[in-house]
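**Q** Just to be clear, the model below is a prediction. Sequence and coordinates:
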Amino acid sequence: MDDQEDKPAGEANEKKTIASRGVPSSESIYLPPHNSEELRSFQDASENPTRNLWSVDEVSNFVFSRKYQSKYYEISIGFLRLLAEHTYVDGAAISKFVSENKLSKATFYNRVLPRLRRVGMIKIERDTIVAVESKRKFRPMRISLSKTFGNYLMKIGDSWLAIVDDARTKKRQQKL
């Protein structure tokens, strides 16, 4: 039995759609045009990658746009530089960073830190410690740099390069 037979005449052809509101900013990264003045050259005229590397400032711009989220951008640069100097930072070092830079705790802990973690630039680990005298548990935080961000983007980039190479190879073979 067909489902459309049970429905009134007008309903059978209507499609239910969800209104699109775009990608939430918390789940997006900033990609300026590849030929933008914001970006230092990354490929030559033959589309081969150049050997120069982008700095922490330039990479951070993709996560927190200097143009649109300048405060978050500045905070992230300072924090990533701190992490680059040390193997990891603990809660005391993080607290010191926030207070010395006169940052809002809410901005740092609710906006910057979660985004850096979500995109894979940092790794947050916690140890569960039980105080013997009070039997109270606490979980100190330890943050370190993570390679996940780079691995994620390399996987996307390598996959795209393979798609382009495959398409160009097929095109050349058709000409023969």
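**A** Yep, that arrived. Numbers count the residues shown, from 1 in each chain.
**Q** which residues touch the closest residue in space to residue 130 that isn't next to it in sequence?
**A** By the measure of C-beta to C-beta, 6 or more residues apart in numbering, the closest residue to residue 130 outside its immediate chain neighbours is residue 137, 5.2 Å from it. All C-beta spots, glycine's among them, are computed from the backbone N, C-alpha and C. Contacts for residue 137 (C-beta atoms under 8 Å, 6 or more residues apart in numbering) come out as 128, 129, 130, 131.
**Q** most neighbours, which of those residues?
**A** Across those, neighbour numbers were computed from other C-beta atoms under 10 Å; residue 129 holds the maximum, 11 neighbours.
**Q** Quick check: beta-bridge partners of that one?
**A** residue 138 (DSSP bridges).
**Q** Quickly note the distance from it to residue 141.
**A** If you measure residue 129 against residue 141 using C-beta to C-beta, to the nearest Å, the figure is 12 Å.
**Q** and if you look at residue 84?
**A** Using C-beta to C-beta, residue 84 is found at 18 Å from residue 141.
**Q** Quick check: the gap between the residue most central in space within the chain and residue 80.
**A** The geometric centre of the chain, computed from its C-alpha atoms, lies nearest to residue 119 (C-alpha atoms, centre = their mean), at 2.8 Å. Residue 119 sits 12 Å away from residue 80 when distances are taken as C-beta to C-beta.
**Q** wait, the residue nearest to the centre of the chain sits on residue 63?
**A** Yes: counting by C-beta atoms under 8 Å, residue 63 is a contact partner of residue 119 at 5.5 Å.
**Q** thinking again about what came up before, and the contacts of residue 137, which is closest to residue 152?
**A** Relative to residue 152, the closest of the contacts of residue 137 is residue 128; by C-beta to C-beta it sits at 28.5 Å.
**Q** which residues touch the residue nearest to the closest one when sequence neighbours are not counted?
**A** The shortest distance from residue 128 to any residue other than its chain neighbours is 5.4 Å, reached at residue 139 (C-beta to C-beta, 6+ apart). Counting by C-beta under 8 Å, 6+ apart, residue 139 touches 126, 127, 128, 129.
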